[in-house]
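K.L.:
Sharing a model prediction with you, sequence too.
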Amino acid sequence: MDDIYKTYPHNPPHYFVPNAMYIVTGSLLNNKRLLTDDKHKSLVCDILFERANHWGWDLEAWAVLENHYHFIGRAPENALTLEKLIRQIHSKSAVELNKLDKTLGQKVWYNYWDTCITHETSYYARLHYVHLNPVKHRLVENAEDYPFCSYRWFLEKADVDFQDTVISQPFDRVDIFDDFDD
């Protein structure tokens, strides 16, 4: 499959590259903090994992916060499945969140932004950024204590040399849409 660049009216453009690494950010409508309890965050995580697996996306980092999420994943051969993946994450989680909150039919998600990661150092910096995102947003002091991000999993599963490479990579100049603070 060839690379595909698609533009949409009123939405950011998307670049689809087979087997490439992506960082994706999804935001709740009006920056509303709907994911304030563990049950809500867990539900979004479960749907993210299930849908990513269904569409053949290999997740390498994730963080689900109160009003947005980030994930880094490798696209399958058909990178156009990103559209379906996000659509299903948003639609399935919206239905379930509305059931939990007894707000049937309420619009939950606003949009998503994706970036195809093309440089190795950019990849490491973004991994580091996503792993520490709960700390950035002051939800915890140590990302290892936050159950809705990949940092603990990363520390348990990743090779020590790879961990050192990622953790030593600065991310202060990484350009990621993450304007979700009050």
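P.N.:
Received, thanks. Residues are numbered from 1 along each chain as shown.
K.L.:
Give me the pLDDT for residue 175.
P.N.:
If you check residue 175, the pLDDT there is 81.
K.L.:
where does it land in three-state SS?
P.N.:
coil (DSSP: H, G, I helix; E, B strand; the rest coil).
K.L.:
longest helix in the protein, by residue count?
P.N.:
helix 81-101 (DSSP state H).
K.L.:
immediately after it, which helix or strand?
P.N.:
Per DSSP states H and E, helix 81-101 leads on to strand 109-117 as the next helix or strand towards the C-terminus.
K.L.:
packing partners for whichever helix or strand comes after that next one?
P.N.:
Following strand 109-117 in sequence order, the next helix or strand is helix 120-131 (DSSP H and E). Other helices and strands packing on helix 120-131, by 3 or more C-beta pairs under 8 Å, 6 or more residues apart in numbering; DSSP states H and E, are strand 21-28, strand 58-64, strand 68-74, helix 151-157, helix 160-167. Placement of C-beta: from N, CA and C, glycine included.
K.L.:
Mind doing that once more with 7 Å?
P.N.:
Judged by 3 or more C-beta pairs under 7 Å, 6 or more residues apart in numbering; DSSP states H and E, helix 120-131 is in contact with strand 58-64, strand 68-74, helix 160-167.
K.L.:
which one of those lies closest to residue 85?
P.N.:
Comparing the helices and strands packed on helix 120-131 against residue 85 with C-beta to C-beta, the closest turns out to be strand 68-74 (8.6 Å).
K.L.:
partner strands of that closest one, parallel or antiparallel?
P.N.:
strand 21-28 (antiparallel), strand 58-64 (antiparallel) (DSSP bridges).
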